[in-house]
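Peer 1: model this:
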Amino acid sequence: MINNFVSMIKDTFVNLDKTALHILKHGLFFCFILCLVSLFILLLYKFFTLSYLMFYIGLSIFKVSIIFSIEFIICAIAADKIKKQII
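Peer 2: From the prediction side, this is the model:
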């Protein structure tokens with residue numbers, strides 16, 4: 001059961017359209033950069049506790065980067081399926 005699910009997910013990413021894969025890679029790179037910025041802000045808060053606002057800004061940017069990465073993955077798969085008329 002689990003092996004079928006894993007192979008289905010792997011096949012989905014292997015068979016992505018070139019354009020969708022390109023957008024997915026750049027989107028995930030953007031999310032990775034956002035994540036690094038948020039971690040840098042959180043490290044600044046950890047070592048130089050200036051204000052709680054810095055903590056909330058770092059945490060919010062981290063949440064946004066995670067949400068964007070999930071949305072890039074879902075939208076790339078959906079756009080590929082629509083383009084191939086599978087849905």
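
Peer 1: need the residues that contact the least confident helix or strand in the chain by mean pLDDT.
Peer 2: Within the chain, no helix or strand scores below helix 2-14, which has a mean of 81 by mean pLDDT, DSSP states H and E. Helix 2-14 is contacted from outside by I77, using Cβ atoms under 8 Å, 6 or more residues apart in numbering. In this view, the C-beta of every residue, glycine as well, is placed from N, C-alpha and C.

Peer 1: what residues does F32 make contact with?
Peer 2: Applying Cβ under 8 Å, 6+ apart, the residues contacting F32 are S65, S69.

Peer 1: ok, S38 - contacts?
Peer 2: So S38 contacts G58, L59, S60, I61, F62, S65 (Cβ under 8 Å, 6+ apart).

Peer 1: ok, the residue of the chain most remote from its centre - contacts?
Peer 2: Residue farthest from the centre of the chain, counting by Cα atoms, centre = their mean, is L50 at 29.4 Å. L50 sits next to L44 when contact means Cβ under 8 Å, 6+ apart.

Peer 1: name the element it belongs to?
Peer 2: Assigned by DSSP states H and E, L50 belongs to no helix or strand.

Peer 1: report pLDDT for it.
Peer 2: Looking at L50, its pLDDT stands at 75.

Peer 1: and the residue sitting nearest the centre point of the chain, what helix or strand is that in?
Peer 2: Central residue of the chain (Cα atoms, centre = their mean): S69, 1.4 Å from the mean position. Assigned by DSSP H and E, S69 belongs to helix 52-83.

Peer 1: how distant is that helix from the center of its chain?
Peer 2: Here helix 52-83 is found 5 Å from its chain centre; the criterion is Cα atoms, centre = their mean, to the nearest Å.

Peer 1: grab the nearest non-local neighbour of I77.
Peer 2: Excluding the flanking residues, the one nearest I77 by Cβ to Cβ, 6 or more residues apart in numbering is T12, at 6.1 Å.
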